[in-house]
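Undergrad: Structure of the sequence below:
(chains A, B, C and D)
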Protein chains: 2
Amino acid sequence: MGRRKLDEQEVAEFRAKLMDQALILFAKHGYRDVSIRAIALATGCSAMTPYRYFENKEAIFDACRARAFERFAEFHEQIVEAHPHPVERINALGQGYADYAAAHTDAFRLMFELDQPSEPSNHLTLMGNRAFDTLRNSVRDAVQQGYLKGEPEKLAHLFWATIHGIVVLDLTNKLTYGIDKHALLESFFEGEFTSARNTPEDSK
Amino acid sequence: MGRRKLDEQEVAEFRAKLMDQALILFAKHGYRDVSIRAIALATGCSAMTPYRYFENKEAIFDACRARAFERFAEFHEQIVEAHPHPVERINALGQGYADYAAAHTDAFRLMFELDQPSEPSNHLTLMGNRAFDTLRNSVRDAVQQGYLKGEPEKLAHLFWATIHGIVVLDLTNKLTYGIDKHALLESFFEGEFTSARNTPEDSK
DNA sequence: TTAAAAAATTGACAGTGTAAAATTTACAGT
DNA sequence: ACTGTAAATTTTACACTGTCAATTTTTTAA
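TA: Numbering: from 1, shown residues only, chains lettered A, B, ... in the order given. A predicted model of the protein is given here:
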């Protein structure tokens, strides 16, 4: 006696359906300008139904971010497959990172928003790491094969930080002195900055 | 006949008063969770009075961001004065950037939020540039004096992007592999990454 | 003292997140 | 087939939001 409880798969399916719509809306309009009612409407359920599948709006957002990271990671994994050479692979990953941010700006914002509405869930952290792992592994390989020197973890993180910095400064319109994203990426990949450090004695 | 119109200074004073409170609230709770009514209450005026001094909530936020950038720039300018040597100055600016982000995280978020509610105003851009100018000039000096080699604009931008990248990845809890902000900053300042690039032949 | 204009406040509205109540749905036992 | 019941869903309701419009207060010049 009593209506059958939704099994795990059914719940997962509806959650996915909600997230598909939510991701589209969040990416298009941002967290602030998407209402749960709008997500419900797009999904074709009533306004309060999402609350049965997610605790609140932040939980939906969090799930969408994780999904965005998942796609981001898949994109990186494709690049890895397409570039067997470690150094080329690293550069392709960096370029891909920037390209992805440009092509999917809204998803990128979702992922790297400074003003995160909640602490990252474990799943979100996992998906975030998965994308970075492609770079981490590539740098490790490059070091092992002698293409790079240094502590692989630090190298990978610094590489990431630099690309990320270039991308977000560009995204927030902070590059206003004629030096744009492309020039910076090019310089970085050429190692112009990295080889520029020396002492005054050297330059005399 | 007719009440005296507020002169420019009076308007500026009240705007400043509003912004003082708004900046505190925005920094503490973020754009989303601060209402104009709350700003008005903190300022001691009625709920709709802010609308006489700013077009809307975004305009208040924009003004606050510009003010945050102004303080950020002043902080950098103090660092410049305290460090006469170009290379030390550059490193101090980088370290200061990270320290400021840690000490005034909320203000930093305000300034570099990806999800900006509006296009940056001219004044905001100006204040943003003012902070970066300290680094730009320092790099230019360092290059002129032979401490650095390369195109100064690109060097300065790349330096900024790297520090910024490190800071924001840390701020958004993306550094989860035991390599933290401090290790990355240290590596960066030591040039560990920058001197790591060479060909396999070199390492044999 | 009064007319009027600027400033400030109040009232109103559509839209928000979400808690609680009401309702629909679909199954187990008779 | 019917019915009791529990799960799923929808409806209702509320406090709060940004902001427009109407109103009231304040302050000045005549």
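
Undergrad: Indicate the residue of chain A located nearest to DNA strand D.
TA: A:Gly2 (2.5 Å; C-beta to the nearest atom of the strand). Any C-beta I mention is one placed from the backbone N, CA and C, and that applies to glycine too.

Undergrad: Confirm that residue sits in a helix?
TA: No: under DSSP: H, G, I helix; E, B strand; the rest coil, A:Gly2 falls outside any helix and is assigned coil.

Undergrad: Next, work out how far apart it and DNA strand C are.
TA: 6 Å (C-beta to the nearest atom of the strand, to the nearest Å).

Undergrad: Please report phi then psi for that residue.
TA: The phi and psi values for A:Gly2, taken as degrees, to the nearest 10, are phi 120, psi 150.

Undergrad: Which parts of stretch A:16-32 count as buried, going by neighbours?
TA: A:Leu18, A:Met19, A:Gln21, A:Ala22, A:Leu23, A:Leu25, A:Phe26, A:Ala27, A:Gly30, A:Tyr31 (16 or more other C-beta atoms under 10 Å in any protein chain shown).

Undergrad: and if you look at stretch A:70-80?
TA: A:Glu70, A:Arg71, A:Phe72, A:Ala73, A:Phe75, A:His76, A:Ile79, A:Val80.

Undergrad: Now secondary structure and distance to B:Gln144 too, for those residues, in JSON lines please.
TA: Shown next, in JSON lines, are the buried residues of stretch A:70-80 (DSSP: H, G, I helix; E, B strand; the rest coil; distance: C-beta to C-beta, whole Å):
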{"residue": "A:Glu70", "secondary structure": "helix", "distance to B:Gln144": "48"}
{"residue": "A:Arg71", "secondary structure": "helix", "distance to B:Gln144": "46"}
{"residue": "A:Phe72", "secondary structure": "helix", "distance to B:Gln144": "41"}
{"residue": "A:Ala73", "secondary structure": "helix", "distance to B:Gln144": "44"}
{"residue": "A:Phe75", "secondary structure": "helix", "distance to B:Gln144": "42"}
{"residue": "A:His76", "secondary structure": "helix", "distance to B:Gln144": "40"}
{"residue": "A:Ile79", "secondary structure": "helix", "distance to B:Gln144": "40"}
{"residue": "A:Val80", "secondary structure": "helix", "distance to B:Gln144": "42"}
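
Undergrad: what residue ranges in chain A are flagged as low confidence?
TA: A:117, A:192-204 (pLDDT under 70).

Undergrad: and it, which residues reach DNA strand C?
TA: A:1-4, A:34-38, A:47-48, A:51, A:56-58 (C-beta under 7 Å from any atom of the strand).

Undergrad: which residue does chain A bring closest to chain B?
TA: Here chain A gets closest to chain B at one residue, A:Gly165, 2.9 Å apart by C-beta to the nearest C-beta.

Undergrad: tally of neighbours for that residue?
TA: 25 (other C-beta atoms under 10 Å in any protein chain shown).

Undergrad: Output the host helix or strand of it as CSV, nothing but the C-alphas.
TA: For A:Gly165, the host element (DSSP states H and E) is helix A:152-171. C-alpha atoms of helix A:152-171 as CSV (Å, rounded to 0.1, in the frame of the first residue of the first chain):
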residue,chain,number,x,y,z
PRO,A,152,56.6,18.2,-11.9
GLU,A,153,53.8,19.2,-9.5
LYS,A,154,55.1,22.8,-9.2
LEU,A,155,55.6,23.0,-12.9
ALA,A,156,52.1,21.8,-13.7
HIS,A,157,50.5,24.1,-11.2
LEU,A,158,52.5,27.1,-12.4
PHE,A,159,51.6,26.4,-16.0
TRP,A,160,48.0,26.1,-15.1
ALA,A,161,48.0,29.3,-13.0
THR,A,162,49.6,31.3,-15.7
ILE,A,163,47.2,30.2,-18.4
HIS,A,164,44.3,30.6,-16.0
GLY,A,165,45.5,34.1,-15.1
ILE,A,166,45.7,35.2,-18.7
VAL,A,167,42.3,33.9,-19.4
VAL,A,168,40.5,35.4,-16.5
LEU,A,169,42.2,38.8,-16.8
ASP,A,170,41.1,38.8,-20.4
LEU,A,171,37.6,37.7,-19.5
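
Undergrad: In this structure the residue of chain A closest to chain B contacts B:Ile166, no?
TA: Yes: judged on C-beta atoms under 8 Å, A:Gly165 makes contact with B:Ile166 at a distance of 7.5 Å.

Undergrad: quick check: domain ranges of chain A?
TA: Here the domain parsing of chain A from automatic domain parsing is A:1-54, A:64-203.
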